[in-house]
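**Q** here you go, sequence then predicted model.
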Amino acid sequence: MRAPAPLPPSRGGEGDAARLLAEAEEAFAHRPDPAEVRRAAGLYRQAAQAAPLAIEGLYGAARAAVWLAQRERSGEERARRAAEAVELGQLCEARAPADARCDYALALALGVQARERTATVREGLRLMVERLRRAAERDPALDDAGPERVLALVLLRAPAWPVGPGDPEEGLAAARKAEARAPEFPPNPLALAEGLAASGDVAAARAAAQRGLALAEARKAAGDPDAEEWIAEARRLIASIGEAAAPDP
């Protein structure tokens with residue numbers, strides 16, 4: 001990866017950065033409204049410029065860029081946001097090389113870039129797995145066991161060696177760790193369900209997916225902005241598990 005140019009500092013200080021971060025968090029909480037997430041991305045970036053030694057703004061901006069890269073309608077815009085996310089993750093690492101948030105943000109960014117630019121897939125997945133492992137060692141509780149959860153999904157979905165890092169057994173082990181660490185966070189039982197389905201344990205996979213669905217529905221009732229996507233993912237997973245379990249005619 002080529003190192004990006006550092007962000008130019010702004011005239012604001014820590015007080016400005018704190019205000020901008022608060023505004024960014026409020027805007028990001030209005031997802032799935034893409035306009036609000038775009039606004040959040042800009043505010044996070046401004047916060048990063050106002051506090052040149054802190055990483056909160058860079059971490060937030062990278063996460064917002066990843067979110068947009070996964071959802072923008074235009075392929076060109078998705079690719080631009082993915083590249084932006086990678087740059088922000090690299091800038092985060094440059095500011096705080098030992099911080100798990102920077103490892104995690106860059107890993108997520110590399111994942112969306114690999115999807116949008118196929119030429120980056122092989123090296124991108126290698127670097128993604130490397131940083132997810134490092135983030136899991138440094139702060140396994142980050143983002144409700146996010147490093148282990150995302151690592152599980154990469155290992156479950158990627159092609160196996162020598163083409164890619166795929167390893168269903170290790171993926172299932174990582175999913176178990178994530179689910180044990182944060183069992184009430186809906187994506188964790190869903191990742192576990194995917195791993196169990198890949199291992200052939202259909203009954204346990206279905207139970208985990210149904211648990212994830214119930215948790216997501218409870219989050220929706222509580223107003224979680226991500227709950228609708230989790231519910232849709234849980235239903236897709238339950239349907240695919242049912243199809244896999246159906247006997248051949």
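**A** Nice, thanks for sending it over.

**Q** for the rest of this, base every contact and every neighbour count on C-alpha atoms.
**A** Fine.

**Q** in the protein, which spans are helices?
**A** 14-28, 34-50, 56-71, 75-95, 100-116, 121-138, 142-157, 168-181, 187-199, 202-221, 227-245 (DSSP state H).

**Q** out of the ones you listed, which is closest to Pro4?
**A** helix 75-95 (5.9 Å; Cα to Cα).

**Q** which positions in that closest one come out as buried?
**A** By neighbour count on 16 or more other Cα atoms under 10 Å, the buried set for helix 75-95 is 78-93, 95.

**Q** of all the helices of the chain, which one is nearest Pro6?
**A** helix 75-95 (6.7 Å).

**Q** next up, the contacts around Arg81.
**A** Arg81 makes contacts with 65-66, 68-69, as judged by Cα atoms under 8 Å, 6 or more residues apart in numbering.

**Q** around the nearest residue to Gln90 once chain neighbours are set aside, count how many other residues there are.
**A** Nearest non-adjacent residue to Gln90, counting by Cα to Cα, 6 or more residues apart in numbering: Leu106, 6.5 Å away. The number of residues packed near Leu106 is 28, by other Cα atoms under 10 Å.

**Q** list the contacts for Leu106?
**A** 62, 85-86, 88-90, 128, 131.

**Q** got it, and Asp139?
**A** Ala100.

**Q** coming back round to it: save the contacts of Leu106 as JSON lines, and put in distance to Gln113 and pLDDT too.
**A** Listed next are the contacts of Leu106 as JSON lines, based on distance: Cα to Cα, whole Å; pLDDT from 0 to 100:
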{"residue": "Ala62", "distance to Gln113": "12", "pLDDT": "99"}
{"residue": "Ala85", "distance to Gln113": "8", "pLDDT": "98"}
{"residue": "Val86", "distance to Gln113": "8", "pLDDT": "98"}
{"residue": "Leu88", "distance to Gln113": "13", "pLDDT": "98"}
{"residue": "Gly89", "distance to Gln113": "12", "pLDDT": "98"}
{"residue": "Gln90", "distance to Gln113": "13", "pLDDT": "98"}
{"residue": "Met128", "distance to Gln113": "11", "pLDDT": "98"}
{"residue": "Arg131", "distance to Gln113": "15", "pLDDT": "98"}
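
**Q** tell me the one of those residues nearest Leu155?
**A** Nearest member of those to Leu155, counting by Cα to Cα, is Met128, at 10.8 Å.

**Q** identify the residues contacting stretch 42-59?
**A** Under Cα under 8 Å, 6+ apart, the answer for stretch 42-59 is 7-14, 16-18, 20-21, 23-24, 60-61, 88-89, 91-92, 95-96, 101-102, 105.

**Q** need the helices of the chain in JSON lines (columns: distance to Ala3).
**A** Output for the helices of the chain, formatted as JSON lines (distance: least, Cα to Cα, whole Å):
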{"stretch": "helix 14-28", "distance to Ala3": "24"}
{"stretch": "helix 34-50", "distance to Ala3": "17"}
{"stretch": "helix 56-71", "distance to Ala3": "15"}
{"stretch": "helix 75-95", "distance to Ala3": "7"}
{"stretch": "helix 100-116", "distance to Ala3": "13"}
{"stretch": "helix 121-138", "distance to Ala3": "15"}
{"stretch": "helix 142-157", "distance to Ala3": "23"}
{"stretch": "helix 168-181", "distance to Ala3": "30"}
{"stretch": "helix 187-199", "distance to Ala3": "32"}
{"stretch": "helix 202-221", "distance to Ala3": "39"}
{"stretch": "helix 227-245", "distance to Ala3": "34"}
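
**Q** most centrally placed residue in this protein?
**A** Leu108 (4.9 Å; Cα atoms, centre = their mean).

**Q** excluding chain neighbours, give the residue nearest to it in space.
**A** Per Cα to Cα, 6+ apart, closest to Leu108 is Val66, 6.9 Å.

**Q** same deal with Ala29?
**A** Pro225 is the one closest to Ala29 (Cα to Cα, 6+ apart), at 6.8 Å.
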